[in-house]
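Colleague: Sequence first, predicted model second:
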Amino acid sequence: MSGGVKRFRQLFCVVARFDFETGREVKLIYLYLWIRPMTLPAHAPTDALRAIVSRSSGLGLPHESIGHLLGISDTTLRKWYKADLDIGRASAHAAVASTLYDKAISGDNACLIFYARTQLKWAEAPREVVVSGSIISISAALADATARIGMDAIEGECVDVAD
């Protein structure tokens, strides 16, 4: 049997029952409606939608929010606009980095410090260090060492190692 015939038979159901008033068997036919669920029309990306996706991605919006803006799901968004999502984010990062670099070169101290910490991997020395489970304060240890060196210099025990 072909698939069409099988599907046709699934739509109808014949039930036989005995009618006591007439003394005959009566066949009842029930018709089952097979309603196909409505689907949304296929999504068609346009240049205007691509610009919205790229800009929204650059602003840092989550994919679900961008999908809501366009009226599509986030899976459909990633299916049709993957390159636009990546390009929008990268172009925003490039614009911010360019502005930060320009301000740092012009002498803005806050930008210089931020750039040095993030791009040059510079960092402030830790103020406390954990050694063998106990916390040692760097500033206290430095003050103690400076005091001992000063006392050693006063007592004449300090040796000049520069020679």
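Modeller: Looks like it came in fine.

Colleague: Next secondary structure after the helix or strand where residue 89 lies?
Modeller: Using DSSP states H and E, residue 89 maps to helix 74-106. Sequence-wise, the next helix or strand downstream of helix 74-106 (DSSP H and E) is helix 109-118.

Colleague: Help me confirm that residue 88 comes into contact with residue 58.
Modeller: Yes. Using CB atoms under 8 Å, residue 88 is in contact with residue 58, at 4.1 Å. For every residue, glycine as well, the C-beta is placed using N, CA and C.

Colleague: For those two, indicate the residue with more neighbours.
Modeller: residue 88 (24 against 19; other CB atoms under 10 Å).

Colleague: This protein: helices as residue ranges?
Modeller: Using DSSP state H, the helices of the chain run over residues 3-11, 47-58, 63-70, 74-106, 109-118, 138-155.

Colleague: For residue 18, which of the ones you listed is the nearest?
Modeller: Taking CB to CB, helix 3-11 is the member of the helices of the chain nearest to residue 18, at 24.1 Å.

Colleague: so where's this structure shaky on pLDDT?
Modeller: 1-16, 27-40, 125-129, 150-163 (pLDDT under 70).

Colleague: Let me see the domain layout of it.
Modeller: In terms of domains, the chain is parsed into 47-118, 125-158 (source: automatic domain parsing).

Colleague: Deepest in the core, which of those is it.
Modeller: domain 47-118 (a mean of 15; mean count of other CB atoms under 10 Å).

Colleague: Could you work out the end-to-end span of that domain for me?
Modeller: Length of domain 47-118, first residue to last, CA to CA, to the nearest Å: 35 Å.

Colleague: ok, residue 85 to residue 76 distance?
Modeller: 12 Å (CB to CB, to the nearest Å).

Colleague: which ones are touching the closest residue to residue 73 other than its chain neighbours?
Modeller: Distance criterion CB to CB, 6 or more residues apart in numbering; nearest residue to residue 73, sequence neighbours excluded, is residue 67 at 5.6 Å. Counting by CB atoms under 8 Å, 6 or more residues apart in numbering, residue 67 makes contact with 73, 74, 76, 77.

Colleague: Tell me the one among the residues you listed nearest to residue 135.
Modeller: Among those, residue 74 lies closest to residue 135 (CB to CB), at 45.5 Å.

Colleague: OK, contacts around that closest one?
Modeller: With CB under 8 Å, 6+ apart, residue 74 has these contacts: 63, 64, 66, 67.

Colleague: Present those residues as a markdown table; the columns should include distance to residue 149.
Modeller: Shown next, in a markdown table, are the contacts of residue 74 (distance: CB to CB, whole Å):
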| residue | distance to residue 149 |
| --- | --- |
| 63 | 59 |
| 64 | 61 |
| 66 | 61 |
| 67 | 65 |
